[in-house]
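Student: below are the sequence and a predicted model for it; my questions follow.
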Amino acid sequence: MLVLTLALLILFTASIDIFKRQIPNELCLAIFIVSALLSLGAGSLVYGLFSTLIVLVVGMLLFKLNLFAAGDGKLAAAFAAALLPSQLLPAVIYTLVIGGVLALFYLVKDRLICQYLLKQSREKEKGLPYGVAIAIGFYLQILVAYY
């Protein structure tokens, strides 16, 4: 039931990130609570909290280097509560692969279709809704870890 709840939260996260390029703190908190409950049920809450701390520190560093948005770091940390530290690297790899697919999609959509084929001016660059890639990448690893 918790994994399904997490999937619904991911759909909500993705839609907000796509349309607003924001990830509300309340949504990150809800994801963290569900992730922590998953970890608690598996008997690995301490490891999950350690994973959250690792991702928060790395996310803050990437934010300071202008490589990551603050909301993206909070979102990744919230999902990390469901994972062991050894499961973080596969989650990041899934996220990077999905982020590449997402970037390719936006490149085709914004630059090729809108600008060149439809002769529409591009909207002001809003960046990628990378929360979508984070949510899907971490969720895939959660599925691998719990099933």
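Tutor: Arrived safely, thanks for sending.

Student: where does pLDDT dip in this structure?
Tutor: Low-confidence segments of the chain (pLDDT under 70): 114-125.

Student: please enumerate the helices of it.
Tutor: With helices called from DSSP state H, the chain shows them at 2-20, 25-41, 45-64, 70-80, 88-106, 130-146.

Student: select, out of those helices, the one closest to Leu112.
Tutor: Distance to Leu112, taken as Cβ to Cβ, is lowest for helix 88-106 among the helices of the chain, at 10.3 Å. To be clear about C-beta, it is placed using only N, CA and C from the backbone, and glycine gets the same treatment.

Student: contacts for the closest one, please.
Tutor: Helix 88-106 has contacts (Cβ atoms under 8 Å, 6 or more residues apart in numbering) with 51, 54-55, 76, 79-80, 83, 128-130, 132-134, 136-138, 140-142, 144.

Student: between that helix and helix 70-80, how many degrees?
Tutor: With axes from the mean of the first three to the mean of the last three Cα atoms, to 10 degrees defining the directions, helix 88-106 sits at 140 degrees from helix 70-80.

Student: give the buried residues for helix 88-106.
Tutor: Within helix 88-106, the residues that count as buried by 16 or more other Cβ atoms under 10 Å are 88, 90-92, 94-95, 98-99, 102.

Student: equivalent analysis for stretch 127-142, please.
Tutor: 128-142.

Student: show residues contacting it.
Tutor: For stretch 127-142, the surrounding residues in contact (Cβ under 8 Å, 6+ apart) are 3, 6-7, 10, 13-14, 16-18, 21, 23, 35, 38, 69, 71-72, 75-76, 79-80, 82-83, 87, 90-99, 101-103, 106.

Student: so what's Ile31 closest to, chain neighbours aside?
Tutor: Nearest non-adjacent residue to Ile31, counting by Cβ to Cβ, 6 or more residues apart in numbering: Ala78, 4.0 Å away.

Student: return the residues in contact with that neighbour.
Tutor: Contact analysis of Ala78 by Cβ under 8 Å, 6+ apart lists 28-29, 31-32, 35, 52.
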